[in-house]
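A.B. asks: No sequence on hand, only this structure:
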């Protein structure tokens, strides 16, 4: 069987997914003879998926950042990282500011899907089930997709990033994780609009 051609796009994608360097990503693809899934699996086994490892590391440092728009709308957010050194960098401050802008602009309700209360999720499933018109054998899969879609604009991590809508907020943060070499998490946020109460 002929080896699959390895493209720069594949290398970049593997680098992004794994958090490893370009050289490691290219080497893994060469060893897997161009098979992308095989290369990713091999990197996982070798422990080269740095972003995944970082995702498990504790984030006790960070900062609280605010963004106010025209004195009428504002957001405050707590963004965490692993060390005070990274928390004090301009890059990290900019990241936190951009996330605060995202919150002010897009009005999410939850940081991640895990934060959606079970009763809220159950109520949405019940509502979608009542209006379901698709084939019964596909019901669970279709409803799962509809629930995801229903909450997509309410979950910060799933929202399109306002400064580059080709990526989600989660992808934007993962890029920052790859650059800083530290895990970065959004712990909490609050959005306030003049004259609007919850």
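C.D. replies: Ah, there it is. The structure presented is a predicted model; accordingly, all values stated were derived computationally and were not measured.
A.B. asks: Return the mean pLDDT over the longest helix along the chain, rounded to an integer.
C.D. replies: Longest helix in the chain by number of residues, with DSSP state H as the criterion: helix 90-106. Average pLDDT, helix 90-106: 96.
A.B. asks: and it, what other elements does it pack with?
C.D. replies: strand 61-69, strand 73-81, helix 169-180, strand 185-193 (3 or more CB pairs under 8 Å, 6 or more residues apart in numbering; DSSP states H and E). Every C-beta, even on glycine, is put in place using the N, C-alpha and C of the backbone.
A.B. asks: Indicate which one of those is closest to residue 36.
C.D. replies: helix 169-180 (18.1 Å; CB to CB).
A.B. asks: With mean neighbour count, mean pLDDT and distance to residue 21 added, can I get the helices and strands packed on helix 90-106 in JSON lines?
C.D. replies: As requested, these are exported to JSON lines (neighbours: other CB atoms under 10 Å; pLDDT from 0 to 100; distance: least, CB to CB, whole Å):
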{"stretch": "strand 61-69", "mean neighbour count": "16", "mean pLDDT": "95", "distance to residue 21": "25"}
{"stretch": "strand 73-81", "mean neighbour count": "21", "mean pLDDT": "95", "distance to residue 21": "21"}
{"stretch": "helix 169-180", "mean neighbour count": "18", "mean pLDDT": "91", "distance to residue 21": "10"}
{"stretch": "strand 185-193", "mean neighbour count": "16", "mean pLDDT": "95", "distance to residue 21": "23"}
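A.B. asks: between the ones you listed, which one is nearest to residue 32?
C.D. replies: helix 169-180 (21.4 Å).
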